[in-house]
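# Mind folding the following:
(2 chains)
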Amino acid sequence: MDISKNFFELFELVPGFDLNAQQLSERYRELQREYHPDRHAHKGERQQRLAVQATTHLNEAFETLKMPLMRAQYLLKLRGVETGEETRQQLPGDFLMQQMELRESLVEVGESDDPFAELERLEQQARQLETQEYSQFNAALAADDLETAVVAIRKLQFVNKLLHEIEAAEDRLDEEY
Amino acid sequence: MAYSEKVIDHYENPRNVGKMDSGDSHVGTGMVGAPACGDVMRLQIKVSDEGVIEDAKFKTYGCGSAIASSSLVTEWVKGMTLDQAADLKNAQIAEELALPPVKIHCSVLAEDAIKAAIDDYRNKNK
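Now for the predicted structure:
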């Protein structure tokens, strides 16, 4: 396996946010079979080591492209912009305010008459934000406006966390009822 | 990861949690967030006509260190002048709470929040 290829090249996919998920999974399984360490067990030590290395690379590539946020961040990384570890970035005040309110509503879900409906409503709101920011990201990337693309990613990091918390709240509710 | 006793204390008994009317001209509001962890923090101060911080409130959605950092800052800034509060450094917060290196950014967030609240107050009262 040529590990100098980028993840899109590895799966023979056109680099971009919208990708063919079926093609990704199919190519992943093909390559997985090809490089499975068991198939190289009878070979020399060096071949075995290379097979393990290829499998690790392959798994990382698949995980990265499968998850929308990681895929978007990877697309920026290919253009030389790292976004994963930012902790000190100014974000629009109205966006933060909205994130704050959504989290407040999430905490108050338990006190509502119909917590399931309330969670559903929150999730829809978060999904809507998510869709909106991904399309912002996509448009910005197509226009080579990396600054706007980075802002969309930062916002998506908050939305992603919120969605995880909504899921966790759903699990807790399911256990209670 | 082990939290220090002080972090646990602030996390379990956060001081000054709450909200002030951001429309009040005596109130300054700072909203900050850390994309990497998705934490959001709101810190508010109520300032007297003499420029002294009379009260402070916060609300943080985030990890224990972020909650403790903002809780501590609201305790510290009460009674300070705006200039004194603006001089607060994240290193002081991190030291007081014995934050490990991976959690230093939580104290940075709290420093940014108090600075943002002061800026908001000053912009309102120019």
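
# Dead centre of chain B: give me the residue that sits there.
residue B:70 (3.7 Å; C-alpha atoms, centre = their mean).

# in the helix or strand hosting it, what counts as buried?
Residue B:70 is part of helix B:64-77, with elements assigned from DSSP states H and E. Residues B:64-74, B:76-77 are the ones in helix B:64-77 that count as buried (16 or more other C-beta atoms under 10 Å in any protein chain shown). Quick note: C-beta positions are derived from backbone N, CA and C, even for glycine.

# same thing with stretch B:42-60?
For stretch B:42-60, by 16+ other C-beta under 10 Å, it's B:42-47, B:53, B:55-60.

# Excluding chain neighbours, what is closest to the closest residue to chain A within chain B?
At 2.9 Å from chain A, residue B:38 is the closest residue in chain B, using C-beta to the nearest C-beta. With sequence-adjacent residues excluded and distances taken as C-beta to C-beta, 6 or more residues apart in numbering or on different chains, residue B:38 is closest to residue A:161, at 2.9 Å.

# Can you pull the phi and psi angles for the one you found?
Backbone torsions of residue A:161, given as degrees, to the nearest 10, read phi -60, psi -40.

# In terms of pLDDT, where does it sit?
At residue A:161, the pLDDT value in this model is 94.

# Hmm, it is touching residue B:35, no?
No. Contact criterion C-beta atoms under 8 Å: residue A:161 and residue B:35 do not qualify, at 9.5 Å.

# Look at those two and report which has more neighbours.
With neighbours defined as other C-beta atoms under 10 Å in any protein chain shown, residue A:161 and residue B:35 compare such that residue B:35 has more, 24 against 20.

# Could you chop chain A up by domain?
A:7-66, A:89-176 (automatic domain parsing).

# Would you single out the least confident of the ones you listed?
When those are ranked by mean pLDDT, domain A:7-66 comes last with a mean of 89.

# okay, how far is it across that domain, tip to tip?
End-to-end distance for domain A:7-66: 11 Å, by C-alpha to C-alpha, to the nearest Å.

# which parts of the helix or strand where residue A:31 lies are buried?
Secondary structure assigned from DSSP H and E places residue A:31 in helix A:21-35. Going by neighbour count (16+ other C-beta under 10 Å), the buried part of helix A:21-35 is A:24, A:27, A:28, A:31, A:35.

# so how many other residues sit close to the closest residue to the third one other than its chain neighbours?
Meaning residue A:28. Closest residue to residue A:28 apart from its sequence neighbours, by C-beta to C-beta, 6+ apart: residue A:62 at 4.7 Å. Other residues lying near residue A:62 total 20 when counted by other C-beta under 10 Å.

# One more: residue B:95?
The number of residues near residue B:95, taken as other C-beta under 10 Å, comes to 11.

# Can you tell me how far the nearest residue to residue B:98 once chain neighbours are set aside is from residue A:163?
Spatial nearest neighbour of residue B:98, excluding adjacent residues (C-beta to C-beta, 6+ apart): residue B:4 at 3.9 Å. Separation of residue B:4 from residue A:163 (C-beta to C-beta, to the nearest Å): 31 Å.

# and for the helix or strand containing residue B:83, what are the contacting residues?
Taking DSSP H and E as the definition, residue B:83 sits inside helix B:82-86. Under the criterion C-beta atoms under 8 Å, 6 or more residues apart in numbering or on different chains, residues B:45, B:47, B:51, B:53, B:77, B:114, B:115, B:118, B:121, B:122 lie in contact with helix B:82-86.

# which helices and strands does the helix holding residue A:31 pack with?
Helix A:21-35 sits against helix A:45-66, with contacts defined as 3 or more C-beta pairs under 8 Å, 6 or more residues apart in numbering or on different chains; DSSP states H and E.

# All set, thanks.
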